[in-house]
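Student: Following is a predicted model, sequence given first.
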Amino acid sequence: MEAISDLRIKEPGYGSRITILSIDGGGVRGIIPAVILSYLEAKLQEIDGPNARLADYFDVIAGTSTGGLISAMLAAPDDQYPPRPLFDAKSIIEFYEKHCPNIFSPQHGGLLAILAALHGPKYDGKTLHEIIKHYLKGKKLRETLTNLVISTFDIKKLQPTLFSSYQAGRGEAMVLVQKAVQAQLLSLLASIGHSFGSVQYRNKKESTDNDLASPF
């Protein structure tokens, strides 16, 4: 695969084989799947050349918690090189090493940290929101290089909601990847929810532990 196709992967038809990459998160522990993905991508590059990226091999990329952020980084296009993703897998490790000390610094220490954990999210989300906005600003779901799935929970209808590139051609064409990722990460952050118009969302993880099954 020396010449990587510039065409987006289309929605598979009935009976077709679908390849899915589902990424676990867990705050700073997201660096663990990042290391595994970096190794996988390096092996694929040994076979298909240095331009090979994980988005070229999977019909769907999805994740839970910070795995959702990793998914977006692997699938969102680079503005300077639109056929290529924003991050290669190795760069995601560097992203974690650079930003995790600021993103995942507890708001309190000692006894206050224990009491705070009983009442809500562990981290102040301001830094993470700013970083997500910086890297993903303006990128829409319909522009991803492969199909991206981000799971959230509608706290008004009390039901899970998926944002995906499949749906982007219909009612969600203008949904920004940045906004969907922010809504998906809210269980980690000091925020009550994230709104799209009149609809308010939380991280689906707050309401179900089956988040990784969403792409299936």
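Tutor: Here it is on my side, so go on.
Student: quick one: the helices in this structure?
Tutor: Using DSSP state H, the helices of the chain run over 31-48, 66-75, 89-103, 110-119, 126-136, 177-184.
Student: which residues touch the first one?
Tutor: Residues outside helix 31-48 that contact it (CB atoms under 8 Å, 6 or more residues apart in numbering): 1-2, 23-25, 51-54, 56-57, 67, 70, 74, 88-90, 92-93, 96-97, 100. Any C-beta I mention is one placed from the backbone N, CA and C, and that applies to glycine too.
Student: Quick check on those: which are buried?
Tutor: 23-25, 52-54, 56-57, 67, 70, 74, 88-90, 92, 96 (16 or more other CB atoms under 10 Å).
Student: Taking those, tell me the two that lie furthest apart.
Tutor: Taking CB to CB, the two most distant members of these are Gly25 and Ala52; they sit 24.3 Å apart.
Student: can you tell me which strand in this structure is longest?
Tutor: In the chain, assigned by DSSP state E, the strand with the most residues is strand 147-154.
Student: by contact count, what packs against it?
Tutor: Judged by 3 or more CB pairs under 8 Å, 6 or more residues apart in numbering; DSSP states H and E, the packing partners of strand 147-154 are strand 60-63, helix 66-75, strand 159-164, helix 177-184, strand 199-203.
Student: how about 10 Å then?
Tutor: If contacts are counted by 3 or more CB pairs under 10 Å, 6 or more residues apart in numbering; DSSP states H and E, strand 147-154 sits against strand 20-23, strand 60-63, helix 66-75, strand 159-164, helix 177-184, strand 194-196, strand 199-203.
Student: Select, out of the ones you listed, the one closest to Pro82.
Tutor: helix 66-75 (12.7 Å).
Student: Number of residues surrounding Ala76?
Tutor: 24 (other CB atoms under 10 Å).
Student: Which pLDDT does the model give it?
Tutor: At Ala76, the predicted lDDT confidence score is 93.
Student: Where does pLDDT dip in the chain?
Tutor: For the chain, the stretches with pLDDT under 70 are 1-15, 104-125, 168-174, 186-216.
Student: hmm, 90 instead?
Tutor: Applying pLDDT under 90 to the chain flags the ranges 1-18, 24-30, 63-66, 79-83, 99-143, 150-216.
Student: Roughly how far does Ile61 sit from Gln159?
Tutor: 23 Å (CB to CB, to the nearest Å).
Student: next one: Asp78
Tutor: Asp78 is 35 Å from Gln159, by CB to CB.
Student: of those two, who's got more company?
Tutor: Asp78 (14 against 10).
Student: was I right about that one contacting Pro85?
Tutor: Yes - the pair Asp78 / Pro85 is scored as a contact, 6.4 Å apart, by CB atoms under 10 Å.
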